[in-house]
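Participant: quick check, what structure comes out for this input:
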Amino acid sequence: MADITFWFISALTVISAFFVVSSKSLLYSAYSLLVTFLGVTALYVFLWADFLAVVQVVVYVGGILVLIIFGIMLTNKISSVNISHTSVQKRVGAVVVLGFFGALSYVMINTPWIQLPNSEPLETTRSIGRLLMIDYLLPFEAASFLLLGALIGATTLSRKDD
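Facilitator: Here you go, the predicted model:
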């Protein structure tokens, strides 16, 4: 049953990712991106990476995707700007995608994969939290101050001068 569920989620993720790039409507592309992000979250759950699954939902689905949807809905009211996302070089893109697919397939077929027994890891979130809050606290806080500075800078630059 787990194999069927995995392949179903994988197929759903790939199909929704295809709809992200092929849809004519930006809003439908954003909704397909939602399904793609949730599919990636489910794949993280299959890998026993519960912390990454939660971060995927919180950051990408809860933050970035909501921002994209709000941006689409707010800029959709602008009548003087022609918003279009049609691709102009579909054949070149298709050749590049087929090249990457061929290279990845070659690597996947010729790699000697190590098969270990399936065992559930214990305390993945606790060990990541311990690393973030004890061993790597200074770089974690430095990154948060950097992001705070970028947020303040973006707010300052976007303000209108009175």
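Participant: quick check: residue 56 vs residue 124, distance?
Facilitator: For residue 56, the distance to residue 124 equals 14 Å [C-beta to C-beta, to the nearest Å]. Every residue, glycine included, has its C-beta placed from N, CA and C.
Participant: by mean pLDDT, which helix or strand of the chain comes out lowest?
Facilitator: The weakest-scoring helix or strand in the chain, judged by mean pLDDT, DSSP states H and E, is helix 66-75 (a mean of 75).
Participant: element containing residue 5?
Facilitator: Counting by DSSP states H and E, the element that carries residue 5 is helix 2-22.
Participant: which strands or helices does that helix pack on?
Facilitator: helix 26-46 (3 or more C-beta pairs under 8 Å, 6 or more residues apart in numbering; DSSP states H and E).
Participant: got the CA positions of the least confident helix or strand of the chain in CSV?
Facilitator: What follows is helix 66-75 as a C-alpha-only set of coordinates in CSV (Å, rounded to 0.1, in the frame of the first residue of the first chain):
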residue,chain,number,x,y,z
VAL,A,66,0.1,33.0,-0.2
LEU,A,67,2.2,36.0,-1.2
ILE,A,68,2.1,34.9,-4.9
ILE,A,69,-1.6,34.5,-4.8
PHE,A,70,-2.1,37.9,-3.2
GLY,A,71,0.2,39.5,-5.7
ILE,A,72,-1.7,37.9,-8.6
MET,A,73,-5.0,39.0,-7.2
LEU,A,74,-3.9,42.5,-6.4
THR,A,75,-2.2,43.1,-9.7
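Participant: which strands and helices sit next to that helix?
Facilitator: Helix 66-75 packs on helix 26-46, going by 3+ C-beta pairs under 8 Å, 6+ apart.
Participant: the inter-axis angle of the helix it packs on versus helix 66-75?
Facilitator: 170 degrees (axes from the mean of the first three to the mean of the last three C-alpha atoms, to 10 degrees).
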